[in-house]
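[1] Below is the sequence, then the predicted model.
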Amino acid sequence: MCQTAGGFLSKIAVDNAANSVGIIGCGWLGRPLAGLLMKENTQVMATSTREEKAAELNQVGIDSRVLQLPQAPSQLSGHDIFSCRKLVVCITPQLKKGRVDYPEKIAGLVAAAEKNGVEKIILLSTSSVYNGLEGEVFEEAGLDVNANKVAILAQAEQSVLNFNGLSAVLRLSGLIGPARHPGRFLAGKKDLANPDAAVNLIHQADALGLINCLLKQKQVQGIFNGVANTRMSRQQFYQQAALALSLPEPAFNDLDRGITGKVINGDKGRRELSYQYQYDDLVLWMKNNEN
């Protein structure tokens, strides 16, 4: 059974080099992932787009380098990060900022990884790739690539899936956890739409746990959804979330009653990775006032 984050035994030094992990994008998920792996005595290298952020990471003991993307393949392939045997790509698409070069960035990383003999790539993608779908959604669902956002995400994912080594795409639902309590997302807002829509979220600890399983299980690859099994309506969940922080409840309109939207299914990860979620019941997590 693949244990939850932080539950693995340390490996001997010889194995560390063979299982070295490069984390491309060391932010809200990448940084705690680095800390988790380092506690297991895994050799870790990370990248950041800014000199000051890389310096900060080095100061706290995370071996870090600056990496700007996109970049010419001839320059990119010489970066130190590709000396690692496994890569976890944590960069965001930045679609809300109008960026459309996400597929180019990912394709460049894949090409450089192939040139350097990297063994495995894990791409942290998003359940936004399912936009436009309704009902229960599994990993093999057909995507609405007529939507520009979906097409960009799908193209980036396909580059990783076409990698000549092992590869996995982890489609994470809305991320919550430290500094991202859902009680603050909609507190006090009025006339909100889609009160009956399904809630698709995942706690940071479980995102890290799934990533760790994908790193540890050598032959596992493909697409996996990351989502807690919390089945509530949007209205019920966010009203309870606000109450958990003693904040004003959000108010929803009745115009879109009965529209549940998409319900993302995460059973494949539970089954094939033998992963047990720490926070499957997110309401219980909120009531316990945990991080």
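    Cool, got the structure. Small disclaimer: the values here were computed from a predicted structure and weren't measured. Numbers count the residues shown, from 1 in each chain.

[2] low-confidence ranges in the chain?
    1-18, 290-291 (pLDDT under 70).

[3] can you map out the helices along it?
    Assigned by DSSP state H, the chain shows helices spanning 13-18, 30-39, 51-59, 73-76, 102-115, 148-161, 204-216, 234-244, 267-272, 282-287.

[4] Now do the fifth one and helix 148-161, the angle between them.
    Right, helix 102-115. Relative orientation of helix 102-115 versus helix 148-161 (axes from the mean of the first three to the mean of the last three C-alpha atoms, to 10 degrees): 0 degrees.

[5] quick one on the thing from earlier: need the helices of the chain in JSON lines (columns: distance to residue 140 and mean neighbour count).
    C-beta here means a position set from N, CA and C on the backbone, and glycine is covered the same way. Listed next are the helices of the chain as JSON lines, based on distance: least, C-beta to C-beta, whole Å; neighbours: other C-beta atoms under 10 Å:
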{"stretch": "helix 13-18", "distance to residue 140": "32", "mean neighbour count": "12"}
{"stretch": "helix 30-39", "distance to residue 140": "27", "mean neighbour count": "20"}
{"stretch": "helix 51-59", "distance to residue 140": "37", "mean neighbour count": "14"}
{"stretch": "helix 73-76", "distance to residue 140": "32", "mean neighbour count": "14"}
{"stretch": "helix 102-115", "distance to residue 140": "21", "mean neighbour count": "21"}
{"stretch": "helix 148-161", "distance to residue 140": "13", "mean neighbour count": "19"}
{"stretch": "helix 204-216", "distance to residue 140": "18", "mean neighbour count": "24"}
{"stretch": "helix 234-244", "distance to residue 140": "26", "mean neighbour count": "20"}
{"stretch": "helix 267-272", "distance to residue 140": "9", "mean neighbour count": "16"}
{"stretch": "helix 282-287", "distance to residue 140": "26", "mean neighbour count": "18"}
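
[6] can you tell which of those is closest to residue 225?
    Nearest to residue 225, of all the helices of the chain, is helix 267-272, at 6.4 Å by C-beta to C-beta.

[7] quick one: the closest residue to residue 179 other than its chain neighbours and residue 244, what's the gap?
    Nearest residue to residue 179, sequence neighbours excluded (C-beta to C-beta, 6 or more residues apart in numbering): residue 28, at 7.7 Å. From residue 28 across to residue 244, the span is 21 Å (C-beta to C-beta, to the nearest Å).

[8] ditto for residue 88
    Residue 88 is 31 Å from residue 244, where distance means C-beta to C-beta.

[9] can you check residue 66 too?
    39 Å.

[10] coming back round to it: list the residues that contact the residue nearest to residue 179.
    175, 179, 180, 204 (C-beta atoms under 8 Å, 6 or more residues apart in numbering).

[11] Could you check how far it is from residue 180?
    Taking C-beta to C-beta, one finds residue 28 at 8 Å from residue 180.

[12] who touches both of those two?
    By C-beta under 8 Å, 6+ apart, the residues touching both residue 28 and residue 180 are residue 204.

[13] my read: residue 160 touches residue 169, true?
    Yes - assessed by C-beta atoms under 8 Å, residue 160 is found in contact with residue 169 at 5.8 Å.

[14] shared neighbours, those two?
    The contact lists of residue 160 and residue 169 share residue 123, where a contact means C-beta under 8 Å, 6+ apart.

[15] I'd like the distance between the residue nearest to residue 179 and residue 177.
    Counting by C-beta to C-beta, the separation of residue 28 from residue 177 is 8 Å.

[16] who touches both of the two?
    Contact criterion C-beta under 8 Å, 6+ apart; residues shared by residue 28 and residue 177: residue 204.

[17] Give the full set of residues in contact with residue 149.
    Residues in contact with residue 149 (C-beta under 8 Å, 6+ apart) are 95, 128, 131.

[18] separation between the last one and residue 201?
    This points to residue 131. Counting by C-beta to C-beta, the gap from residue 131 to residue 201 is 16 Å.

[19] quick one, which of those two is more surrounded?
    Using other C-beta atoms under 10 Å, the more surrounded residue of residue 131 and residue 201 is residue 201, with 24 against 15.

[20] quick one: contacts for the nearest residue to the more buried one once chain neighbours are set aside?
    Spatial nearest neighbour of residue 201, excluding adjacent residues (C-beta to C-beta, 6+ apart): residue 174 at 4.4 Å. Shown in contact with residue 174 (C-beta under 8 Å, 6+ apart): 127, 200, 201, 202.

[21] Next, format those residues as JSON lines and append distance to residue 20.
    Converted to JSON lines, the contacts of residue 174 look like this (distance: C-beta to C-beta, whole Å):
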{"residue": "127", "distance to residue 20": "29"}
{"residue": "200", "distance to residue 20": "33"}
{"residue": "201", "distance to residue 20": "32"}
{"residue": "202", "distance to residue 20": "26"}
